[in-house]
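Student: what follows is a predicted protein model with its sequence.
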Amino acid sequence: MSPGLRSLLSESGQSSVEFCLVSAVLFCIVSGIALLWRALSSGVFVEHAVTVASHHVQGVAPGLIADIFLY
């Protein structure tokens, strides 16, 4: 067997493996972007931010008012 043919046979599946790995990573990235898009369009992040902000304002309001008037 010639050296060129031997090197060709030893690397015969490399491109297929690389294609599978890159395809899997690309699929994960696209799926993550789609899930993020869906969460943003349904308003989950905005709802969570409003809930957290209202709890924060309720707990800090007395101290905040005192800070405003004492300034």
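Tutor: It's in. Numbering: from 1, shown residues only.

Student: what about Phe27, which helix or strand?
Tutor: Using DSSP states H and E, Phe27 sits within helix 14-42.

Student: next, the buried residues of that helix.
Tutor: Going by neighbour count (16 or more other Cβ atoms under 10 Å), nothing in helix 14-42 comes out as buried. (Each C-beta comes from the backbone N, C-alpha and C, glycine too.)

Student: average pLDDT for it, rounded please.
Tutor: Averaging pLDDT along helix 14-42 gives 94.

Student: got a pLDDT number for Leu64?
Tutor: 66.

Student: can you check Val46 too?
Tutor: Model confidence at Val46 (pLDDT) stands at 85.

Student: what's the answer for Ser2, then?
Tutor: As predicted, Ser2 sits at a pLDDT of 64.

Student: ok, now Val52?
Tutor: 73.

Student: how many neighbouring residues does it have?
Tutor: Here the number of neighbours of Val52 (other Cβ atoms under 10 Å) works out to 10.

Student: give the contact list for it.
Tutor: Listed by Cβ atoms under 8 Å, 6 or more residues apart in numbering, Val52 has no contact partners.

Student: against Ser31, how distant is it?
Tutor: 27 Å (Cβ to Cβ, to the nearest Å).

Student: and if you look at Arg38?
Tutor: On the measure of Cβ to Cβ, Arg38 and Ser31 end up 11 Å apart.

Student: do Phe45 as well
Tutor: 18 Å.

Student: so who does Val25 touch?
Tutor: Going by Cβ under 8 Å, 6+ apart, the list of residues near Val25 is empty.

Student: quick one: it and Glu47, what's the gap?
Tutor: From Val25 over to Glu47 (counting by Cβ to Cβ), the distance is 31 Å.

Student: cool, and Cys28?
Tutor: Counting by Cβ to Cβ - Cys28 and Glu47 are separated by 27 Å.

Student: keeping just the C-alphas, turn stretch 28-42 into PDB.
Tutor: Extracted in PDB, the C-alpha atoms of stretch 28-42 (Å, rounded to 0.1, in the frame of the first residue of the first chain):
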ATOM      1  CA  CYS A  28     -27.500  23.900  20.900                       C
ATOM      2  CA  ILE A  29     -26.800  27.500  20.100                       C
ATOM      3  CA  VAL A  30     -29.900  27.900  17.900                       C
ATOM      4  CA  SER A  31     -32.100  26.100  20.500                       C
ATOM      5  CA  GLY A  32     -30.800  28.400  23.200                       C
ATOM      6  CA  ILE A  33     -31.500  31.500  21.200                       C
ATOM      7  CA  ALA A  34     -35.000  30.200  20.400                       C
ATOM      8  CA  LEU A  35     -35.700  29.600  24.000                       C
ATOM      9  CA  LEU A  36     -34.500  33.000  25.000                       C
ATOM     10  CA  TRP A  37     -36.600  34.600  22.300                       C
ATOM     11  CA  ARG A  38     -39.700  32.800  23.500                       C
ATOM     12  CA  ALA A  39     -39.100  33.900  27.100                       C
ATOM     13  CA  LEU A  40     -38.500  37.500  26.100                       C
ATOM     14  CA  SER A  41     -41.700  37.500  23.900                       C
ATOM     15  CA  SER A  42     -43.900  36.100  26.600                       C
END
